[in-house]
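[1] test case, fold it:
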Amino acid sequence: MTTPREPARLHAWIDGHVQGVGFRAFVYEIALSQELTGWVRNTHEGLVEVLAEGPRENLDILLAYLRRGPRGAFVSEVREEWGPALGEYDSFRVTRTV
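    So this is what the prediction gives:
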């Protein structure tokens, strides 16, 4: 069982009306405020994809925001995968669409 402060890794895919509404900037700001590392990007399938690492409790906060989205977005589904933090990122950034 992990503790709230133990580093973890969240990989999430957000579906719905999530592109063209500032979703990536929204995620970026939350990730910075929660001191997370990783990235956010759009996909060609119309999803927003997020990979973030940090304390589990901070990732849970991010996940709650992902389920809500920014004003103008409509989130229909959030798929999530959890794992141990790998420590491969030193900051959080917005990356290219894939």
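
[2] now the nearest residue to T37 once chain neighbours are set aside: which helix or strand?
    The shortest distance from T37 to any non-neighbouring residue, by C-beta to C-beta, 6 or more residues apart in numbering, is to Y89 (3.9 Å). (Glycine included, C-beta is placed from N, CA and C.) Y89 belongs to no helix or strand when assigned by DSSP states H and E.

[3] now do the strands in the chain.
    Shown for the chain, the strands assigned by DSSP state E span residues 7-17, 37-42, 48-55, 74-84, 92-94.

[4] can you give me the offset of the third one from its chain's centre?
    What it means is strand 48-55. Strand 48-55 sits 4 Å away from the centroid of its parent chain (C-alpha atoms, centre = their mean, to the nearest Å).

[5] go on, the last one?
    Using C-alpha atoms, centre = their mean, the distance from the centre of strand 92-94 to the centre of the chain it belongs to is 10 Å.

[6] before we move on, back to that, wait, the residue nearest to T37 touches A31, no?
    No - counting by C-beta atoms under 8 Å, Y89 stays clear of A31, with 10.5 Å between them.

[7] out of the two, which sits in the busier spot?
    Shown here are Y89 and A31; by other C-beta atoms under 10 Å, A31 has more neighbours (26 against 17).

[8] how about that one, nearest residue that isn't a chain neighbour?
    Closest to A31 by C-beta to C-beta, 6+ apart is F92, at 4.1 Å.

[9] residues in contact with the closest residue to R41 other than its chain neighbours?
    Once flanking residues are discounted, R41 sits nearest to T95: 4.5 Å by C-beta to C-beta, 6+ apart. Residues near T95 by C-beta atoms under 8 Å, 6 or more residues apart in numbering: W39, V40, R41.
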